[in-house]
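K.L.:
only geometry, no sequence info:
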């Protein structure tokens, strides 16, 4: 939060929030402040007093009314409390970064939704205080935002279908076959991979679990038909041996040897919950993973080029070797 000088009308030295807090305190202490008392406390016009009372009633939803017997204003519900929104610096930073990540990786529709939510919060901040979003955001830059925007309505419908265990009919573009096809799926959960939203679901057509990229869903309908969630597609069970987006049926141990140069970066992060690192002579490192699936794993290994050697399993070793051979041919190297 960053303080600013509020724009007040002449004859209104305290500001709306100060008046609201004062009225609330007077009522909670057993009083019943009236228009004249508020005028005298703040040196303001009657119209400003009524504006303050309207703000309390309409914007803050305070159960306030005039009590003729007590000749002042009281709460009809003693348990009412003013909304209080206080941001620590770290919380504000998290809010700003959430907006920036949304803008960079999820596209404008969802960024607009988050901006609306932030504006709602700001309406309940004390007058004289603002969330300086742009000032904080200007100190950060997000590189490599290559994800495809996802409509907010699509995200909302998928979340509803998951929560209510409802089937979805989707028109889906399959990039590998370059074709559109209709599917009926049982959505279990959403996951974000490198900025792209995916849905792990049971595909009735394939009679198997599949991962659907939300940005490739062209049309969708939440059906009235329900489904029974599959235990093997719970987030905890499914992720246990999944590598990125792929989930094979049989987990296997993958052994990779990285040279001393690449080992510096391999040490920096956890690549998979099952990983085990083994230090080797000369600064090399051996990485062991127990994962399922082929495509994502192969592409990930190929990204390290000559800095990694696949030691096991033999099938992965052969796939990587064959890809390197084909790449060499394209460059004219026999």
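P.N.:
Good, I have the coordinates. Just so it is clear, the model here is predicted, and its values are computed rather than measured. Residues are numbered from 1 along each chain as shown.
K.L.:
show me the helices in the stretch 51-200 of the chain, by range?
P.N.:
Assigned by DSSP state H, counting those that start in this stretch, the helices in the stretch 51-200 of the chain fall at 89-101, 108-122, 133-137, 152-164.
K.L.:
mean pLDDT for these: which is lowest?
P.N.:
Mean pLDDT is lowest for helix 133-137 out of these, coming in at a mean of 51.
K.L.:
SS state for the closest residue to residue 307 other than its chain neighbours?
P.N.:
In space, and not counting its chain neighbours, residue 307 is closest to residue 262: 3.8 Å by Cβ to Cβ, 6 or more residues apart in numbering. Heads up, the C-betas are built off the backbone N, CA and C, glycines and all. Put simply, residue 262 is helix when judged by DSSP: H, G, I helix; E, B strand; the rest coil.
K.L.:
does residue 262 really touch residue 309, like I thought?
P.N.:
No - judged on Cβ atoms under 8 Å, residue 262 makes no contact with residue 309 at a distance of 10.8 Å.
K.L.:
pull the longest helix from this protein.
P.N.:
helix 314-330 (DSSP state H).
K.L.:
list the buried residues for stretch 161-175?
P.N.:
161-162, 166-168, 170, 172 (16 or more other Cβ atoms under 10 Å).
K.L.:
tell me which of those is nearest to residue 303?
P.N.:
Nearest to residue 303 among the buried residues of stretch 161-175, counting by Cβ to Cβ, is residue 172 at 27.1 Å.
K.L.:
residues touching that closest one, list them.
P.N.:
Residues in contact with residue 172 (Cβ atoms under 8 Å, 6 or more residues apart in numbering) are 180-183, 212, 216-218.
K.L.:
mind running it again at 10 Å?
P.N.:
By Cβ atoms under 10 Å, 6 or more residues apart in numbering, the residues touching residue 172 are 179-183, 185, 203, 210, 212-214, 216-220.
K.L.:
put the buried members of those residues into a PyMOL selection.
P.N.:
The PyMOL command for the buried members of the contacts of residue 172 (criterion: 16+ other Cβ under 10 Å) is given here:
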select buried, resi 183+185+203+210+212+213+214+216+217+220
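K.L.:
which parts of the stretch 201-334 of the chain are helices?
P.N.:
With DSSP H, counting those that start in this stretch as the criterion, the stretch 201-334 of the chain has helices at 235-239, 260-266, 295-302, 314-330.
K.L.:
cool, thanks, signing off.
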